[in-house]
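Peer 1: Just need the structure, nothing else, for what follows:
(chains A and B)
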Amino acid sequence: MQYMHKYASPKFFYTLAGKLTPWMAALTAVLLVAGLYLGLFVAPVDFQQGESYRIMFIHVPAAWMSMFIYVCMAGAGAIALVWNVKLFEMFAGNCAPVGASFTFLALVTGSLWGKPMWGAWWAWDARLTSELILFFLYIGYMALEASIDDPRRAARASAILALVGVVNIPVIHFSVEWWNTLHQPASVGKVGTPSIHPSMLAPLLLMSLGFTFYFFTVALMRMRNEILERERHTTWVAQLLESKS
Amino acid sequence: MPNFLKAIGCLLRRDLTVALRRSTDVLTPLVFFIIVVSLFPLGLGPEPSVLRTIAPGVIWVAALLATMLSLNRLFANDHADGTLEQMALSPHPLTVLVLTKVAAHWMLTGLPLVLISPLLAVQMNLPESAMGTLVLSLLLGTPVLSLLGAVGAALTLGLRGGGVLVSLLVLPLYTPVLIFGAGAVAGVIAGIDIEAHFSLLAAFLALALTLAPWAAAAALRVSLD
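Peer 2: Model (predicted):
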């Protein structure tokens, strides 16, 4: 608890995040370049789908991230609610736009991938549909947060919403899956093969790691901004601004 | 303990009395429900086979929207005149008081929707064999809508644009109920065994009944701060 108070003090965290960000950004760039290179040039052509399957290296990690970030957001929200830690409030709030962007990316790439595979831009495929509902959940979270002026109250209200959402996500996911199998008995060309060749798995994992580090980099950068904004009346921010100008 | 049960009884009676004295509040969502369902034949044409196919979905979606419209009544008036704060200060757990208010809300919106639904089913050409399923699925599903809606209503209490915001928060959470509620009715028409649908709807109700009042009470405490 004692350490938590030290590391969770906004002033300490601001400098720590400032030191970490460049390294994490560099790591993100290396991972993404390596993942894209392996995925776009090294991985073999798929024998059924040709070249178009390569969008998977963006689509699948983005879909994973969309769910991972929601869980992070709800977890941080729970910590903020229970222990009243400002830092976790800010982290939860700053997860949402990044998570929503990844969800949007997964939807767009899914639709682009669907055109050659299904012959339509949109199919009510189970995973795409639950991704769409997840996107709505993110939008609701951000709308609620934006409509409350007091940042601490906004953080607490949206943390409750995120917790309700995280209980609901599995329920929604399985409901949609069930609904989908009922309405489309002949399942549309499912891509997920039980075993994936290592030459395709490696770029997939690299891209996921790259996206994860991208998320933490962006979250830290956003948190630094928010710390400055929230603490703008304190002396340490005033001193910091004076030394910069 | 008797004290505690007495408080629940008082609150329930009070909520019902207040709502019935302002009966337009109770009737508006019901009329909305009827109008929305009646619009579909006008938009799609009166072909009986088409109406029969879309009837389960249309009636269920309309029920979702009608419940959502009535949500602001749940806490807004009590918030405006300060009653809600007194409830939060009372020695009884807010969770239980919220559950009582939700029960009153369901009796005034959910139950009327359930009771009027056979009429709309006739209008939409739903086969008689599916009528019982429709009523039963709504009977199991609408309490879940009220419970989840209470969380949304508590979170958006006193916010600008609360009415539209609550739909953004609550409608995505309603999807599982919609899927299995409408699915049960469609299943009966198609001749599928629908026991699983009802089991799942009942499971949703059990889950919402245990968790939603907690979330709504926590949200109310945040909103009342």
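Peer 1: Please make it C-alpha for all contacts and neighbour counts, starting now.
Peer 2: OK.
Peer 1: any idea which residue sits dead centre in chain A?
Peer 2: A:Gly99 (3.3 Å; Cα atoms, centre = their mean).
Peer 1: Quickly find the element holding that residue.
Peer 2: helix A:86-118 (DSSP states H and E).
Peer 1: after that helix, next one along is what?
Peer 2: helix A:126-147.
Peer 1: Using PDB, write out the CA atom coordinates for that next one.
Peer 2: What follows is helix A:126-147 as a C-alpha-only set of coordinates in PDB (Å, rounded to 0.1, in the frame of the first residue of the first chain):
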ATOM      1  CA  ALA A 126     -21.100 -13.800 -34.800                       C
ATOM      2  CA  ARG A 127     -17.700 -12.200 -34.100                       C
ATOM      3  CA  LEU A 128     -18.300  -9.100 -36.200                       C
ATOM      4  CA  THR A 129     -21.700  -8.600 -34.500                       C
ATOM      5  CA  SER A 130     -20.400  -8.900 -31.000                       C
ATOM      6  CA  GLU A 131     -17.500  -6.600 -32.000                       C
ATOM      7  CA  LEU A 132     -20.200  -4.100 -33.200                       C
ATOM      8  CA  ILE A 133     -22.000  -4.300 -29.800                       C
ATOM      9  CA  LEU A 134     -18.600  -3.900 -28.000                       C
ATOM     10  CA  PHE A 135     -18.200  -0.700 -30.100                       C
ATOM     11  CA  PHE A 136     -21.500   0.600 -28.900                       C
ATOM     12  CA  LEU A 137     -20.500  -0.200 -25.300                       C
ATOM     13  CA  TYR A 138     -17.300   1.900 -25.800                       C
ATOM     14  CA  ILE A 139     -19.300   4.800 -27.200                       C
ATOM     15  CA  GLY A 140     -21.800   4.700 -24.300                       C
ATOM     16  CA  TYR A 141     -18.900   4.700 -21.800                       C
ATOM     17  CA  MET A 142     -17.300   7.700 -23.500                       C
ATOM     18  CA  ALA A 143     -20.600   9.500 -23.800                       C
ATOM     19  CA  LEU A 144     -21.300   9.100 -20.100                       C
ATOM     20  CA  GLU A 145     -17.800  10.200 -19.100                       C
ATOM     21  CA  ALA A 146     -18.100  13.300 -21.400                       C
ATOM     22  CA  SER A 147     -21.400  14.300 -20.000                       C
END
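Peer 1: got the residues of chain A near chain B?
Peer 2: Within chain A, the positions near chain B by Cα under 8 Å from any Cα of the partner chain are A:133, A:136-137, A:139-141, A:143-144, A:147-148, A:153, A:156-157, A:160-161, A:164-165, A:168, A:171-172, A:175-176, A:179.
Peer 1: returning to what we had before: and the helix holding A:Gly99, what's buried?
Peer 2: Applying a neighbour-count criterion of 16 or more other Cα atoms under 10 Å in any protein chain shown, one finds A:86-114, A:117 buried in helix A:86-118.
Peer 1: for the residue nearest to the centre of chain A, what are its contacts?
Peer 2: Each residue near A:Gly99 by Cα atoms under 8 Å, 6 or more residues apart in numbering or on different chains is listed here: A:Met65, A:Ser66, A:Met67, A:Ile69, A:Tyr70, A:Tyr138.
Peer 1: With A:Pro61 instead?
Peer 2: So, once contact is read as Cα under 8 Å, 6+ apart, A:Pro61 ends up touching A:Leu204, A:Leu205, A:Met207, A:Ser208, A:Phe211.
Peer 1: A:Ala155 now?
Peer 2: A:Gly77, A:Glu89, A:Met90, A:Ala92, A:Gly93, A:Glu145.
Peer 1: Cheers, nothing more for now.
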